Structure formats: C-alpha cells, structure tokens
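Trainee: what's the 3D shape of this:
(one chain, ligands or ions: 1)
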Amino acid sequence: MLTATHIAYYFICHRKLWLFANGINMEHTSDTVYEGKLIHETSYPQRPGKYTELELAGAKIDFYDAKNKVVHEVKKSDKMEEAHRWQVKYYLYLLLESGIEDATGVLEYPKLRKTEQVFLNEDDIKDLEAAIKATKNLLNKEECPPRLKKKTFCRNCSYFDFCWSD
Ligand code: SF4
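Mentor: Numbering: from 1, shown residues only. Reported below is the predicted structural model:
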C-alpha cells in the first residue's frame, strides 16, 4: 500500500523511494515520527485535545483539526519543503477521496517560526495521480534507480553513505 512517505520520497529521489520500498531502511522512521510529535507537543502545549489523529487508507494524519478541516504537519527543518508540501497535498487528496471536501493544510516549522498554508487544486490532483501511478511503476522495478546527479538532497539523506561511499 502506498503511504505518504512513498509520495514524499517520490518527489525527493526515486532511488530513495525504491530503497525504502524494498526494505533497505536506514531512516529511523519511528524516531522521526516521535520527534515530530514531540516538537508538536512542546511547541504547541495549548493545543491538546483540539486535534485528532486520523487514520486513512495510506496515511495516518497525526494532527487533524476536524472542526476546521485543517491538516497540521509539523516539521523540524524546511530543507525538504517541496516534499513536505506534497505529503500534505497527498493527505488532502486522501481526505477528498474519503468525501471530505475543501480541507486545507498547514506546514509548521516551529523551530524556524515559520508556517505555510497548503491547498489542493485541480492541477495538484492531476500531478498527484501521475505521481501515484509513477510511484507504483517504480516499486515494481527490479533495478534500483541511479543516484541523483546533484547532491542537493543527499546531504540530509540517510542513504548518503550507501550512495556516495565510492
Ligand atoms: S543519498 Fe541522494 S541519491 Fe541516494 S537515496 Fe538519498 S537522495 Fe537519493
């Protein structure tokens, strides 16, 4: 089953996506999730009880404001901002698929004192559907895709040594 992580990785690096999907996992996913929750709890102590955890097919939204239909996604750093944006758009897409229309998202970077609103428009839906299709094709490939030509995203990637140790 595709998850928001697959979609986010698709927009970062196809090799990263393939490695992750094939169980070559150097990300400490549970630590990352825990860290996100911890940042949220310590940054927004006034919020408890306001947001619910929402489980959808393909995603678990940690902080969903059901009253205002807003997905809150808390991140430590904005280095992967584009992928974060697509992750939230994917949540909005899944909500739409579940019959929840006009939901919006907020990316929150409390350490940077920065927030960004995220919306899902018709073009995004087309791009996401293309990305979902391309992601499924990639996951069926036997061969690992080549590494990125530029190291822009690599320095913060847990596969850095794996990809660049030569
Ligand atoms: S180190 Fe770079 S090339 Fe390798 S998986 Fe990560 S982002 Fe992709």
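Trainee: Does C157 touch C13 like I think?
Mentor: Yes. C157 lies in contact with C13 (Cβ atoms under 8 Å); the separation is 7.2 Å. Every residue, glycine included, has its C-beta placed from N, CA and C.
Trainee: any idea which helix or strand of the chain has the worst average confidence?
Mentor: Every helix and strand in the chain was compared by mean pLDDT, DSSP states H and E; the lowest is helix 29-43, with a mean of 61.
Trainee: May I have the predicted confidence score for the residue nearest the centre of the chain?
Mentor: In the chain, the residue lying closest to the centroid (Cα atoms, centre = their mean) is Q87, at 3.4 Å. For Q87, the pLDDT comes out at 95.
Trainee: Remind me which helix or strand the residue nearest to C144 when sequence neighbours are not counted belongs to.
Mentor: Closest residue in space to C144, ignoring its immediate chain neighbours: W18 at 5.4 Å, by Cβ to Cβ, 6 or more residues apart in numbering. Using DSSP states H and E, W18 sits in helix 14-21.
Trainee: do the same with T115
Mentor: Using DSSP H and E, T115 sits in strand 114-118.
Trainee: Please enumerate residues in contact with that strand?
Mentor: For strand 114-118, contacts defined as Cβ atoms under 8 Å, 6 or more residues apart in numbering pick out 71, 78, 81, 85, 88-89, 92, 104-109.
Trainee: In contact with the residue nearest to W86 when sequence neighbours are not counted, which residues?
Mentor: Spatially, and ignoring its direct neighbours in sequence, W86 is nearest to F11 (4.8 Å; Cβ to Cβ, 6+ apart). By Cβ under 8 Å, 6+ apart, the contact list for F11 reads 82-83, 86, 131.
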